[in-house]
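1. from the sequence below, what's the structure:
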Amino acid sequence: MAVNLDKEAYYRRIKRLYGNWKKGEDEFGKVDAIVVSVGVDEEIVYAKSTAIQTWLFGYELTDTIMVFCDTKIIFLASKKKVDFLKQVAVTKGNENANGVPPITLLTREKNESNKANFDKMIEAIRGSKEGKVVGVFSKDKFPGEYMKSWNDTITAEGLEKVDISAVVAYTMAVKEDGELGLMKKAAAITSEVYSKFFKERVMEIVDADEVRRRNSGLDLKNYMRLVVFICRQLTTQSNPGHYFNGQLFFCSSDKNHMHFGAITCAMGIRYKSYCSNLVRTLMVDPPQEMQDNYNFLLQVEEELLKELKHGVKICDAYNAVLEYMKKEKSELVAKLTKNLGFAMGIEFREGSLVLNSKNQYKLKKGMVLSISLGFADLVNKEAKKDEQKKYALFIGDTIQINEEDAATILTPVKKKIKNVGIFLKNDDEEDEEEDGDDAEELLGKGARSAALLADRTRNEMTAEEKRRAHQKELANHLNEEAKRRLTEQKGEQQIQKARKSNVSYKNVSQMPREKDIREMKIFIDKKYETVVMPVFGIATPFHIATIKNISMSVEGDYTYLRINFFVPGSSLGRQEGNIFPNPDATFVKEITYRASNLKAPGDTSVPSTNLQNAFRIIKEVQKRYKTREAEEKEKEGIVKQDSLVINLNRSNPKLKDLYIRPNIAQKRMQGSLEAHTNGFRFTSVRGDKVDILYNNIKHAIFQPCDGEMIIVLHFHLKNAIMFGKRRHTDVQFYTEVGEITTDLGKHQHMHDRDDLYAEQMEREMRHKLKSAFKNFIEKVETLTKEQLEFEVPFRDLGFQGAPYRSTCLLQPTSGSLVNTTEWPPFVVTLDEVELVHFERVQFHLKNFDVVIVYKDYSKKVTMINAVPVNSLDPIKEWLNSCDIKYTEGVQSLNWTKIMKTIVDDPEGFFEQGGWSFLDPESEGSGAEEDSESEMEDETFNPSASEEEEEEEDSDEDYSSETEDSNYSASVGSEEESGKDWDELEEEARRGLYLEGILFYVKNIKKRVPKSQKCVSHVK
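-> Purely as a prediction, here's the structure:
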């Protein structure tokens, strides 16, 4: 398989390199040509030569020599690498290649000395400008005969060498959007690994009081199952501060063990060649002075972030931080590290862009730095052991330089004292521990471990408690945000569209002069869609839109034609009341005509024929009018889309043999989906076209065929599009991967070779289709520069539910909750969700319902019925991780009435507590006893008692014994605690509540002695 090279990125970056060279600033003004030679050395991890190759081509090319001259570029490499480089050497027909010097490719000879190739490159160097000075990376020295012979050739020619590492690094320091995206991902992975693995592992070590070497016991390789590379060795240390004099990132392990005190942890992850860095200091039982120094270090970092802006000299930012420290805490200036960070990218540490007092380079928007600052050689006066008397504090983050605002932190790992401090003892235990110092020395680690475990048992919250605490924060934020949003929308009255006033005739001259009208018969004017009826002997026109329905009946010798009209107060639908242009006018509600079925002498036809013809024609005209109105209604609100820009390149990403849903025609048809410059185009086999623009896609979802019979690409659109005479906001393309139907009459055999072969073929087909779809998605994301990203549902987090008529598997993605395999599809955008409420959550029910309330209160709530009760906790955990507030209750609510009440009086709603009425903790004790009819008929009355909340908070501080006693006492109601034995037995017989039964059984166990045998039958 051929390796693709991003040609557009190469052209952009080589133009930038040549542009800075032509400006002639610093070392660029001294060189006549640039030489980059890369050999083979597995021990070299970071080198400027390999970095510029990765920057230009996306790959490292070993045993390759690159010569950049004034008017040409020469590459000397092996045959395979030359074939790879031909992708950028051929620039014909590519507008982006304009201004890029032509490329000459030389193939390296294995068996010869390559003298002929070297002579060609030397000749090109001599012909570039003055041909005397070449720019090289002096620190990059690769071993091997090939590199040695080339360096000897340059020396023999008498060419002067100038190190251009700094100016090339400054050229590469400004990152493009794609590079910034990769570095953000690397920083996000670093933050995730630190928070969810590394920090917890250190806590376990401190808990167990394990004696650890600095770099041992923290193996991340088994934890990380991602396509990332560790960009440097994970470092932990807790020795005194002399290790922090700017050399932290390359410190080596020694025989000293990690001890309790200040534990500095530095780690970084490299993702697709781009690095990230994170440094945190964990403090075990820090004294107040250490906490104050750490808090000041955080303030210094904040000050540094404010100074790091576009156009600011690095030395000026450093000096500004020093001035700030001299004003606030001058005694710590001498303890500050010599530099405050460095630029970072493909290379982990760029030595020429270090944040110190001498660097004159200016910062530019798009640069990514690793700021790392700390205090060394600090003294802990309260330390009792020699190794704990000296300590160092250190923090570091990966940041991005902005235009005017302060630098943005890409590694947002919490670093306040409450997040990095590990407290082994409580304040009320300090006096006791001071008296027991001798005992602690005798007991050793057992005493400290017991203190830590006891503290963690008392102070650390369980997962459920953390979830409740987080939900409480979300509830407060939810009410404030909703109140602010509704206040802004106050006064914006919803524009109610008036019913279209259809005028039959604008003037009298348009009235038909037909014979039927003169004879006082019903006449239908198809041209103007009007029914002309005789009313009190006057021909009166009625537009077809005013007719609600018609009916005809035959009774005896007469035929009756009844015509009903739309009038104010008639049922036009829930949302269509009082929408007439002139509701105060006089309306005709109903007209009935009667005609004889008997033919009178001299008549050419039966009189009732006119009514029969009128009935038929009115039905036809009404049907045609309604069809046209329906089409116009479908087109209402359709946002005009941009035109699709067709890319004539044959290498466009394309998928063939796909079906589209909804169907373009009545019968489903296959077609192909092709990605162009600004959107997709689906072309069916008969030529129908459906265009979907990238900027109109809200969610692009890829549903793999794992556990499914189809593989799907689903697009949930921002604005509806029209095709097949209907408007659609959900369009999907799919293909079947197996037989959806099975012939049960066919003879099945366990070892049938045909069946085994068919299963094998189906597995291969699934794998083939999955690879094809993934390849298509990767190409599309590359084509759109990752502006369009496909979401993949997390099947492990999925749960069964019935959003429509049938039950299906609902699966979360990174930004939505979806089901794309069933039709109609189900897509809910998480950013639009206000809160989620669980209804009918009771212990004796197997299912419950999920109600999704949107931030747009005018939008109808979404109901998901029949969700298994065993999915409740996983759903809660998922919603909590997404920062979505959820509540639960035992009853079904009248949501139409609730939402109308909120929209009508938002201020009153939030004055009464807002959404807190859904929280069971805020309801009264009799809330569960209200009937469903009362809940539906009456508006909700939210209330929240502060006293109840205080009681709940105080209950959490009780010991486990108190909680058990409270639980056993709360199983029955307040009245039950005072009932005698007979009343409890009667209540258990009737089976009113399971709580009563449990309380009854518990009283039996308590009151009946063990020597007696008691048998109870509960119906």
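
2. low-confidence bits of the stretch 1-150 of the chain, can you list those?
-> Applying pLDDT under 70 to the stretch 1-150 of the chain flags the ranges 1-2, 92-97, 111-112.

3. which stretches of it form strands?
-> Applying DSSP state E, counting those that start in this stretch to the stretch 1-150 of the chain gives strands spanning 33-38, 64-68, 73-77, 103-107, 133-136.

4. could those strands go into TSV alongside distance to Tyr391 and mean neighbour count?
-> (Glycine included, C-beta is placed from N, CA and C.) Listed next are the strands of the stretch 1-150 of the chain as TSV, based on distance: least, CB to CB, whole Å; neighbours: other CB atoms under 10 Å:
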stretch	distance to Tyr391	mean neighbour count
strand 33-38	43	24
strand 64-68	48	23
strand 73-77	52	23
strand 103-107	56	17
strand 133-136	44	21
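
5. quick one: average confidence on the particular helix or strand that has Glu465 in it?
-> Element membership for Glu465 (DSSP states H and E) is helix 463-489. Mean per-residue pLDDT for helix 463-489: 80.

6. repeat that for stretch 569-578.
-> On average, stretch 569-578 scores 52.

7. then stretch 728-735?
-> 93.

8. what comes up buried for it?
-> Of the residues in stretch 728-735, 728, 730-735 count as buried by neighbour count, 16 or more other CB atoms under 10 Å.

9. these: which two are farthest apart?
-> Among the buried residues of stretch 728-735, the pair separated by the greatest distance (CB to CB) is His728 and Thr735, at 19.6 Å.

10. now distance to Glu157 too, for the strands of the stretch 1-150 of the chain, in a markdown table please.
-> Below are those laid out as a markdown table (distance: least, CB to CB, whole Å):
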| stretch | distance to Glu157 |
| --- | --- |
| strand 33-38 | 12 |
| strand 64-68 | 13 |
| strand 73-77 | 15 |
| strand 103-107 | 17 |
| strand 133-136 | 9 |
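
11. quick one: closest of these to Met669.
-> With CB to CB as the measure, strand 103-107 is the member of these nearest Met669 (46.8 Å).

12. give me the angle between that closest one and strand 73-77.
-> On the basis of axes from the mean of the first three to the mean of the last three CA atoms, to 10 degrees, strand 103-107 is oriented at 20 degrees to strand 73-77.

13. name every strand pairing with strand 103-107 and say which way it goes.
-> Paired strands of strand 103-107, with direction, are strand 73-77 (parallel) (DSSP bridges).

14. next, the angle strand 33-38 makes with the strand it pairs with.
-> Relative orientation of strand 73-77 versus strand 33-38 (the same axes, to 10 degrees): 20 degrees.

15. tell me the angle of strand 73-77 relative to strand 64-68?
-> 170 degrees.

16. contacts for strand 73-77?
-> Residues outside strand 73-77 that contact it (CB atoms under 8 Å, 6 or more residues apart in numbering) are 14, 61, 63-67, 81-82, 85, 101-108, 114, 117, 120-121, 124.

17. repeat for stretch 108-124
-> The contact list for stretch 108-124 (CB under 8 Å, 6+ apart) reads 33, 63, 65, 67, 69, 72, 74, 76-79, 104, 106, 146, 149-150, 153-154, 157.

18. re the thing from before, what is the helix holding Glu465 packed up against?
-> The contact analysis (3 or more CB pairs under 8 Å, 6 or more residues apart in numbering; DSSP states H and E) places helix 463-489 against strand 833-839, helix 872-881, strand 885-888, helix 906-911.

19. change it to 10 Å
-> Helix 463-489 is packed against strand 833-839, helix 872-881, strand 885-888, helix 895-904, helix 906-911, with contacts defined by 3 or more CB pairs under 10 Å, 6 or more residues apart in numbering; DSSP states H and E.

20. and the angle from the fourth one to helix 463-489?
-> To tie it back to what came earlier, the one meant is helix 895-904. Helix 895-904 runs at 50 degrees relative to helix 463-489, counting by the same axes, to 10 degrees.

21. likewise the first one?
-> With the same axes, to 10 degrees applied, the angle from strand 833-839 to helix 463-489 works out at 130 degrees.

22. can you show me the CA trace of the helix or strand just after strand 833-839 as CSV?
-> Where DSSP H and E defines the elements, the next helix or strand beyond strand 833-839 is strand 847-854. Only the C-alpha atoms of strand 847-854 are listed here, as CSV (Å, rounded to 0.1, in the frame of the first residue of the first chain):
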residue,chain,number,x,y,z
ASN,A,847,-38.8,-0.5,33.5
PHE,A,848,-38.8,3.2,33.8
ASP,A,849,-39.2,6.2,31.4
VAL,A,850,-36.6,8.8,30.4
VAL,A,851,-37.8,12.4,29.7
ILE,A,852,-35.3,14.7,28.0
VAL,A,853,-36.0,18.5,28.5
TYR,A,854,-34.3,20.8,26.1
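
23. re earlier: out of the strands of the stretch 1-150 of the chain, which is closest to Asp688?
-> Set against Asp688 and scored by CB to CB, those come closest in strand 103-107, at 44.7 Å.

24. which other residues reach the closest one?
-> 14, 65-67, 69, 72-83, 85-86, 88-91, 97, 114, 116-118, 120-121, 124 (CB atoms under 10 Å, 6 or more residues apart in numbering).

25. PyMOL command to pick out the buried ones of these?
-> Selecting only the buried entries of these in PyMOL, with 16+ other CB under 10 Å as the criterion:
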select buried, resi 14+65+66+67+69+73+74+75+76+77+78+81+82+85+88+97+114+117+118+120+121+124
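
26. and Lys718, what's its pLDDT?
-> Per the predicted model, pLDDT is 90 at Lys718.

27. ok, Gln748 next?
-> For Gln748, pLDDT reads 57.

28. repeat that for the one 3 residues further on.
-> Taken from the predicted model, the pLDDT recorded for His751 is 59.

29. residues near Lys640, how many?
-> 6 (other CB atoms under 10 Å).

30. doesn't it fall inside a helix?
-> No. Counting by DSSP: H, G, I helix; E, B strand; the rest coil, Lys640 falls outside a helix, being coil.

31. I appreciate the help and will end here.
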